[in-house]
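Enquirer: Got a predicted structure here, sequence first:
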Amino acid sequence: MVSEDQQHFNNPSYYINRELSWLAFNRRVLAEANDEMHPLLEQVKFLAICGNNLDEFFMVRVSGLRHQVKDGVWKLPPDGTMPSDLLWKIQIEVDELNRLYEICWREYLMPRLEKAGISIISVFDLTVDEESILREYFRTTIYPILTPMAIDAARPFPFISNLSINLAVVLRSLEGRRYFARLKIPSPLFGRFIPVGSTGRFILLEDLVADNLALLFPGMRVEGSYRFRLTRDAEIKVVIDEASDLLSAVEESVECRRTGVPVRLEVDPAMPTDLILLISERLGLKQNDVYGVPGFIGHADLWQLHGLARPDLLDEPFIPFVPVPLSAESDLFAAIRFQDFFFYHPYDSFNPLVRLLRQAATDRDVLAIKITFYRIDKGSPIIDILMKARQHGKQVTVVLELKAKFDEQNNITWARTLEQEGVHVVYGHERLKIHAKLCMIVRRESDGICRYVHLSSGNYNTVTTKIYGDIGYLTANPEIAADVTELFNLLTGYVSHEEYRKLLVAPVTLRQGILDRIDREIRCHQEHGDGYIALKLNGLLDPDIIAALYRASCAGVRMDLNVRGLCALRPGIPGVSENITITSIVGRFLEHARIYHFHNGGDDEVLLGSSDMMQRNLRRRVEVLFPVLDAGIKRALIRVMKIHLKDDVKSWRLHSDGKYEKIRPVAPDGACNSQAWLIKHRGVWHGWKEQEED
C-alpha cells in the first residue's frame, strides 16, 4: 500500500538511486586510501575495502538487477530508473572506479610503499640469484598443484570459481596451431604477494607463475598470458520442504553459491579480443558484463599487505575506556542493577560485557542466559563462555541467524558446536532475518528474579567491536527486560506479540513508531517552533520514512542526518527538503551506530538499536530500537551526535544533485575529526571523567 506521504512526494527526482548511492560510498572510501592523514598500510587497507565492497556489489546487487532484466519482472525504485538503464549507468561508474583504483595503487601507494621498504616488483627486477631461488620454489611447491586446462571445442569449458585469479594462456604448437588454456592461480594457499628473500620485496604470485609457464606446457611456445577474474551471483535461495530443516536448507544453498551465475568478468585489457569473446560467451556473459581492468585485478587481496608486521605504518593503538564501576574487580551485577551503562565501541571497551557473561557462567544464582548471534568472530570468547555456562547447569539459549550473508557457513559451524554442548540453538526464521542484538541474563536474587539486559547496534563479535563504531547498553530496567523476555519467546516459540512497553520491534511496531515520532516532531514545531530531528544511521532508503521526513521539512522541522552509506533522500530541494542536511563520515572506524534523536518540544527522546531505515530492516528483519531512559546517558549521546555533526575533517556533505562534497575546515586550528575527538576524550563525554575542553 502506498502511503499518502508517498503519493505526495512520489516525484522520482526527489530520490537517489540505491545502487548509485552504493557506488558513491565507494568513492568516499577511495578518498581515504588517498588521504595521507592515515598511516600508509591503513591507506592500503582502504583500497582493499574498496575491492571488497565492489565485489559484494556485483555478487548481490548487480546479480539481482540482471535477474530482473532476464525475467522481465521488476518493481521500479522510487527514483524510477529501469534495471536495464541502471546496468548501463553502473558500467560507466565502475569503469571510472577501476581507473581511479589503479591510479591510487600504481601512481600513489606503490611509490610510497617502496620508500617505506615494501616493494612490489616484477620478474624483470629480480637478481639472477633471486630468480633461481624463486624458480626452485615454483618447481617444488607451486608447480605440483597447478592444473592447466585446455579451452577448445573438444573439451568442456573449465569451471571458473568465484573471485579466483586466473591466467588465460595463448600457446603455439610446433606446427603453428594456436591454442588457449586456463590456469587457476592458487592465491588462497600461498597468498597473492610472494616474499622475495627477507628484504620487504614481493612479487605477485601470478607473475611468478607466468614466468614459469614453459614448465607447464613443454613442446609449446607461450605467446602470452593474461589475468582475468570472474564474479558470480552470491544470492542464496533457502527452500524448505517437509523433509528438510532450516540448517540443512541453508547449508545446501551455500553450496549452490559456489556455482552461482556469472555476473562480471574482469580482464587484462591487453587480452586478445577473440580470447575475451571466447571466455565471455562460454560463461554466458554479454559485452557490458566484461570490464577491462588496467593493472592490478582483485584489490581485496591487498589485505595481505595490511597484515605485514610494520606497526610503524599502522594506526597507533589506544586503550579503550572502562567505567570504574565495571572494572575487573567489581561485582558487575551489583553495579548494573541500580545504574544503566552505555558503551561506544571501540572508544569504550567491550570487555565489561565479556566479563559479565563470564561471571554469569559460573554464578550459582544465574539461572539462564539468552543471546542473539548474527556475525561471530572465529575465536569467539563468548561462545566458550556460553558452553561453560551450560557445563555449570545454566539454561543457555542462542538465537543464531544462519542467513547472515557471507557468514552462513561460519554460523552453521558454530550452531553445531553449541548444540554438541547442550546449548539450545534456534536457527532464526525461515522468512525473516534475526538482526536484533540482544542478550539477557536471568538471575535469582534476595528479592526475586532480576533480568540483566544488553542491547546493541553491533554484533557480539570481539573483533568488530575494535574497528566498528557501535553502541551497547546495559540495564536491569524491568520494563525493557520484560519486553526482551517476550521478544525472545517470540523468536524461540510460537508466541505472537505485537505490543511492547518500551521497545520498537520490526517488522511489527518499529516503522510506525518512527513515523509517529516524526509526526510528533511536526506537532511540537507547530506549537513551540523548535522542531529538530538528528539521525545517525547506516542507510536511509525506505520511501515512507523519506516521505515523512520531507513532510517534516516542509513543516519547518530542522533535521541533521548523518548517513554513512546508502541514502536515497535528496536534501536541499526547495519546497521539499531545504531544512534537511545530510553528512557521511568515513574514517578510521566503520561508522555503524544507530542513534535517533527527537527534540520533542524539549523533552528529548533518544533511541538506539540495530535498525537502519531501509525496507529490508523495517519489513523483512527482526530489529529493535530502544529508548535511553537514563537522563545522564541521554545527554551524553546527544553530545556525541553533536560531535559527529560538527566533523569537518572526515565528513562529506550530500547535495541535492546526489553528489557528495568533502567538507573542509573553515579554520584548520579548529578542525574537528569526530573519531579522533572521541579517542582523545574517551570517558569525558560519559561523565566519568572531569570535563575537558573540546
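Expert: Perfect, thanks for sending it.

Enquirer: ok, Lys650 touching Cys672?
Expert: No. With contact defined as C-beta atoms under 8 Å, Lys650 does not reach Cys672; the gap is 9.2 Å. Backbone N, C-alpha and C define where each C-beta goes, glycine included.

Enquirer: Same drill for the two, tell me which one is more crowded.
Expert: Lys650 (27 against 18; other C-beta atoms under 10 Å).

Enquirer: number of nearby residues for the residue nearest to the more buried one when sequence neighbours are not counted?
Expert: Counting by C-beta to C-beta, 6 or more residues apart in numbering, Gly587 is the residue found nearest to Lys650 once chain neighbours are left out, at 3.9 Å. By other C-beta under 10 Å, 20 other residues sit near Gly587.

Enquirer: Surely Gly587 and Asn673 touch.
Expert: Yes. With contact defined as C-beta under 8 Å, Gly587 and Asn673 form a contacting pair (7.1 Å).

Enquirer: Got phi/psi on Arg135?
Expert: phi -60, psi -40 (degrees, to the nearest 10).

Enquirer: Now it: closest residue in space that isn't a chain neighbour?
Expert: Counting by C-beta to C-beta, 6+ apart, the residue nearest Arg135 is Asn212, at 6.4 Å.

Enquirer: what ranges do the helices span in the stretch 301-450 of the chain?
Expert: Under the criterion DSSP state H, counting those that start in this stretch, helices of the stretch 301-450 of the chain are mapped to 303-306, 332-337, 351-362, 381-391, 408-420.

Enquirer: What score does His8 have for pLDDT?
Expert: As predicted, His8 sits at a pLDDT of 78.

Enquirer: contacting residues for it?
Expert: Ala547, Arg551 (C-beta atoms under 8 Å, 6 or more residues apart in numbering).

Enquirer: residues in contact with Arg431?
Expert: Arg431 touches Arg620, counting by C-beta under 8 Å, 6+ apart.

Enquirer: Adjust the sequence numbering to begin at 44 for everything that follows.
Expert: Noted, 44 is the first residue going forward, which turns the last one into Arg474.

Enquirer: And the residue in the chain sticking out farthest from the centre, how close does it get to Arg264?
Expert: In the chain, the greatest distance from the average C-alpha position (C-alpha atoms, centre = their mean) is reached by Glu218, at 53.5 Å. For Glu218, the distance to Arg264 (C-beta to C-beta, to the nearest Å) stands at 11 Å.

Enquirer: Could you do Asp254 as well?
Expert: From Asp254 to Arg264 the distance is 15 Å (C-beta to C-beta).

Enquirer: Those two - which one has more neighbours?
Expert: Asp254 (19 against 12).

Enquirer: how about the nearest residue to Asn141 once chain neighbours are set aside, phi and psi?
Expert: In space, and not counting its chain neighbours, Asn141 is closest to Val336: 5.1 Å by C-beta to C-beta, 6+ apart. Here is the backbone geometry of Val336 (degrees, to the nearest 10): phi -110, psi 110.

Enquirer: swap in the one 4 residues further on?
Expert: Backbone dihedrals for Ile340, given as degrees, to the nearest 10, come out at phi -110, psi 130.

Enquirer: Also the one 10 residues further on?
Expert: Reported as degrees, to the nearest 10, the phi and psi values for Gly350 are phi -80, psi 0.

Enquirer: what's the neighbour count on it?
Expert: 11.

Enquirer: Likewise for the one 4 residues further on?
Expert: Here the neighbour count serves as a burial measure; for Pro354 (other C-beta under 10 Å) it reads 11.

Enquirer: Low-confidence regions, the protein specifically.
Expert: 44-50, 116, 280-288, 296-300, 537-538, 731-737 (pLDDT under 70).

Enquirer: how's it carved up into domains?
Expert: 77-356, 367-535, 547-723 (automatic domain parsing).

Enquirer: Including distance to Leu66, could these go into CSV?
Expert: Listed next are the domains of the chain as CSV, based on distance: least, C-beta to C-beta, whole Å:
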stretch, distance to Leu66
domain 77-356, 5
domain 367-535, 19
domain 547-723, 10
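
Enquirer: Many thanks, we can stop here.
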